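K.L.:
Sequence and predicted structure below; questions after.
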Amino acid sequence: MKTNSNLGTTFDQKDTTRVFKGTRDVNGKEKPSYRLYKIYSLDRDTTYVDTTLTIQKEYKYNYLRKDNFGLIAFANEGQTYNTLDFSWTKATAFPQMGFKAKHFNYLESNDISYYNVPTPLSDLYFKTVMEQGQSLDAFLTVNTKPNLNFSIAYKGLRSIGKYINNISSSGNFRFTSSYFTKDKRYILNAHFTGQDISNQENGGIQDVDLFELSEDPYTERDRLEVYFRDAESLLKGNRFFVDHSFKLNKNSSNNLIVFHQFNHEYKFFEFTQPTISERLGVANSNSINNKTRYNHLYNKLGVSFSTKSYGDLKFFAENNTYNYFYNSVVYNNVGDIAVPNAINDRITSLGGNYTYNIGKLRANLLVSNAITDQSISNIELSAKYAINEDYNFEFKYQKINSLPSLNYTLYQSSYIDYNWYNNFKNEKRNEFQVVANTRLLNLEFKYTTLDDYLYFYNFTEDITMLTVKPFQYDKTINYLAIKASKEFRVGKFALDNTILYQNVTQDNNVLNVPELVTRNTLYFSEHVFKKAMFLQTGITFNYFTKYFANDYNPLLGEFYVQNQQQIGDFPMLDFFVNAKVKQIRLFLKAEHFNSSWTGYDFYAAPNYPYRDFIVRFGVVWNFFK
């Protein structure tokens, strides 16, 4: 079963637990089939509303609302995540704003779904958090006409946390609209998002020995001293997005389609700290208020030749304009400008895309290249062959030449050591991926070569003194990953397994990942109370081997490479009891219940502890009118 959305799932025909099968309600009126509650991605992939309770729903019941295997969360809900699986790091040809550690919960344009429903549909997510607060995600969609849909959603979080200066607060507002003419010649998808992610930043605990002993009074985590008592960060952004197309021929299997995509986004990242910290060096002011602004305007215009026998061929032009800026410049000792206040540019690319379906084979080729001065390019090739529902195979290849994230090139701060203006080379990535999904085993193989890789590094090599700057690695990095997953069933019991093996070949420790990451869940499923309730309960084991994990710098909103302190090699056990009653899914979990008897050496990053034992509960509730 493949899940593509928070609400939707592409179903296996053997699934017998779906809602809405065309049955009748208490008044004898036929209920709409679940296949009429459609969810579309930006690429027009279609899924359907799914109210089943599966182990995958357990994995997705979290702040991100997606399976976060390969990530490890910080102590408080709504903080950042450290990356255990390098596959979470995606490459794009156009330059990004940066501040990547703050973007895990920031919804990009391809994260937004669109809908078409026969009756109003809502989705309500609630989950308790650390200490005071709550996490809530409320969604409503309705078709006012068969060809016109609107949806509105808001995900909000506030969590006090257990450590000093640790409050998290965020909001993700989404509004979407979909429209098509009755003959489906014109199709429109549009959305608006308004997002803010705010965190108090404490810089981690100062004395890890007190944490690892965890004797009274330090079992109360707010007794542990932290590096920053009054620092805060804020990422905020608004986006307007439109994707629409028009078929020139009204009735023809061979058609010419004109399409256009528009994206306008404004974001800023702000770090404030009323009290100067010696850990970050000397400052030229009595307090810190760094604000980085980013404007982005994107247009894509093209034509598509759609044929019944020879596939679809697209040609397009992309225009990407951005302005990344501060309100001042930085001068050197002789009065010259050392660090400018802005980077702005316009990038125009031309490209083509060819898709061909023949029998059980689907192939796709994408090529794009800049025609302006910037030497960026992207080549993607994929092929998928489905023998049947139980056996399908996929191959992907990508060669991308991308501009550096903008905060590698330019950054300004009142901390003197955190000012730079660089001229780095483009990053190059070649990636091969093979996926085999079979009844016996799901296997994924990935091999990546990285050239001119960019990273942040603390060149003091002292965790108590952070002078973190961007660097570029002038040698090739080879990354290999093999991921296997399989579920074994015996009666009402099941054992779900996911294991990731990673290997990096490099002359210096620049790309650090754990060699082994595993998640294993033993669980029991059963209908109870005369089948009025479906129950799942079990234990999940998470583990990763010890390695030099990247550390977090809140001033930059980035993780940086360090090779002084290892973390890992500790088990994380969660006990859960989940239940489904009609369209209501109830979740109860004792998270990391082994924390007190397997040792207090668990960290999400050096000096940043992972979560103590906590019991949390919540609900996901779908309403159908």
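P.N.:
Thanks, I have it.
K.L.:
measure residue 281 to residue 495 for me?
P.N.:
As judged by C-beta to C-beta, to the nearest Å, residue 281 and residue 495 stand 51 Å apart. Any C-beta I mention is one placed from the backbone N, CA and C, and that applies to glycine too.
K.L.:
cool, and residue 351?
P.N.:
Residue 351 is 45 Å from residue 495, by C-beta to C-beta.
K.L.:
who has more neighbours, those two?
P.N.:
Regarding residue 351 and residue 495, a neighbour count based on other C-beta atoms under 10 Å identifies residue 351 as having more, with 20 against 14.
K.L.:
And the pLDDT at the more buried one?
P.N.:
On pLDDT, residue 351 comes in at 97.
K.L.:
again, but for residue 375
P.N.:
pLDDT, residue 375: 88.
K.L.:
hang on, it in a strand?
P.N.:
No: checked against DSSP: H, G, I helix; E, B strand; the rest coil, residue 375 lies outside a strand; its state is coil.
K.L.:
Identify the residues contacting it.
P.N.:
Contact analysis of residue 375 by C-beta atoms under 8 Å, 6 or more residues apart in numbering lists 401, 426.
K.L.:
Could I get the phi/psi values of it?
P.N.:
Taking degrees, to the nearest 10, you get phi -90, psi 70 for the backbone angles of residue 375.
K.L.:
could you check the distance from it over to residue 427?
P.N.:
12 Å.
K.L.:
quick one: common contacting residues for these two?
P.N.:
Counting by C-beta under 8 Å, 6+ apart, the residues touching both residue 375 and residue 427 are residue 401.
K.L.:
Read off the pLDDT value for the residue lying farthest from the centre of the chain.
P.N.:
Largest separation from the mean C-alpha position in the chain: residue 334, at 44.8 Å (C-alpha atoms, centre = their mean). We have a pLDDT of 85 for residue 334.
K.L.:
How much space separates the closest residue in space to residue 128 that isn't next to it in sequence from residue 130?
P.N.:
Leaving out its chain neighbours, the residue that sits closest to residue 128 by C-beta to C-beta, 6 or more residues apart in numbering is residue 616, at 4.8 Å. In this view, residue 616 and residue 130 are 9 Å apart by C-beta to C-beta.
K.L.:
Those two: which has the busier surroundings?
P.N.:
residue 130 (22 against 19).
K.L.:
Is that one in a helix, a strand, or coil?
P.N.:
Applying three-state DSSP: residue 130 is coil.
K.L.:
wait, isn't it in contact with residue 614?
P.N.:
Yes: the pair residue 130 and residue 614 passes the contact test of C-beta atoms under 8 Å, sitting 6.6 Å apart.
K.L.:
Tell me where the model's unsure across the stretch 1-150 of the chain.
P.N.:
Applying pLDDT under 70 to the stretch 1-150 of the chain flags residues 1-31.
K.L.:
can you give me the helices in it?
P.N.:
With DSSP state H, counting those that start in this stretch as the criterion, the stretch 1-150 of the chain has helices at 55-60.
K.L.:
and what of the chain?
P.N.:
Counting by DSSP state H, the chain has helices at residues 55-60, 208-213, 406-409.
K.L.:
any idea how far the second one is from the chain center?
P.N.:
Meaning helix 208-213. 32 Å (C-alpha atoms, centre = their mean, to the nearest Å).
K.L.:
Also the first one?
P.N.:
The chain centroid and the centroid of helix 55-60 are separated by 16 Å, computed with C-alpha atoms, centre = their mean.
K.L.:
counting contacts, what elements does that helix pack onto?
P.N.:
On a contact count with 3 or more C-beta pairs under 8 Å, 6 or more residues apart in numbering; DSSP states H and E, helix 55-60 meets strand 516-528, strand 533-544, strand 572-581.
K.L.:
need the ones you listed in JSON lines with mean neighbour count, can you?
P.N.:
Converted to JSON lines, the helices and strands packed on helix 55-60 look like this (neighbours: other C-beta atoms under 10 Å):
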{"stretch": "strand 516-528", "mean neighbour count": "16"}
{"stretch": "strand 533-544", "mean neighbour count": "18"}
{"stretch": "strand 572-581", "mean neighbour count": "18"}
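K.L.:
Turn those strands into TSV, including mean pLDDT and distance to residue 315.
P.N.:
Listed next are the helices and strands packed on helix 55-60 as TSV, based on pLDDT from 0 to 100; distance: least, C-beta to C-beta, whole Å:
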stretch	mean pLDDT	distance to residue 315
strand 516-528	97	41
strand 533-544	98	45
strand 572-581	97	48
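K.L.:
For residue 416, find the nearest of the ones you listed.
P.N.:
Among the helices and strands packed on helix 55-60, strand 533-544 comes nearest to residue 416, with 37.0 Å by C-beta to C-beta.
K.L.:
quick check, distance from the closest one to the centre of its chain.
P.N.:
On C-alpha atoms, centre = their mean, the centre of strand 533-544 falls 23 Å from the chain's centre.
K.L.:
likewise stretch 515-534?
P.N.:
25 Å.
K.L.:
Check stretch 595-610 too.
P.N.:
24 Å.
K.L.:
just stretch 358-372 next, same as before
P.N.:
Distance of stretch 358-372 from the chain centroid (C-alpha atoms, centre = their mean) equals 24 Å.
K.L.:
measure residue 572 to residue 228 for me?
P.N.:
Applying C-beta to C-beta, one obtains 27 Å for the distance of residue 572 from residue 228.
K.L.:
What of residue 564?
P.N.:
Distance, residue 564 to residue 228, using C-beta to C-beta: 20 Å.
K.L.:
And those two? Which one has more around it.
P.N.:
residue 228 (20 against 11).
K.L.:
Could you check the pLDDT of the residue nearest to the more buried one when sequence neighbours are not counted?
P.N.:
Nearest residue to residue 228 in three dimensions, chain neighbours excluded: residue 203, at 4.2 Å (C-beta to C-beta, 6+ apart). Per-residue pLDDT puts residue 203 at 96.
K.L.:
Let me see the contact set for residue 203.
P.N.:
Per C-beta under 8 Å, 6+ apart, neighbours of residue 203: 226, 227, 228, 231, 277, 279, 554, 607.
K.L.:
Contact partners for the third one?
P.N.:
Residue 228 sits next to 165, 201, 202, 203, 273, 277, 279, 554 when contact means C-beta under 8 Å, 6+ apart.
K.L.:
nearest to residue 318, of the residues you listed?
P.N.:
residue 554 (34.1 Å).
K.L.:
Please identify the buried residues of stretch 359-372?
P.N.:
By 16 or more other C-beta atoms under 10 Å, the buried positions in stretch 359-372 come out as 362, 363, 364, 365, 366, 368, 370.
K.L.:
do the same with stretch 276-285
P.N.:
Buried-residue list, stretch 276-285, by 16+ other C-beta under 10 Å: 276, 277, 279, 280, 281, 283.
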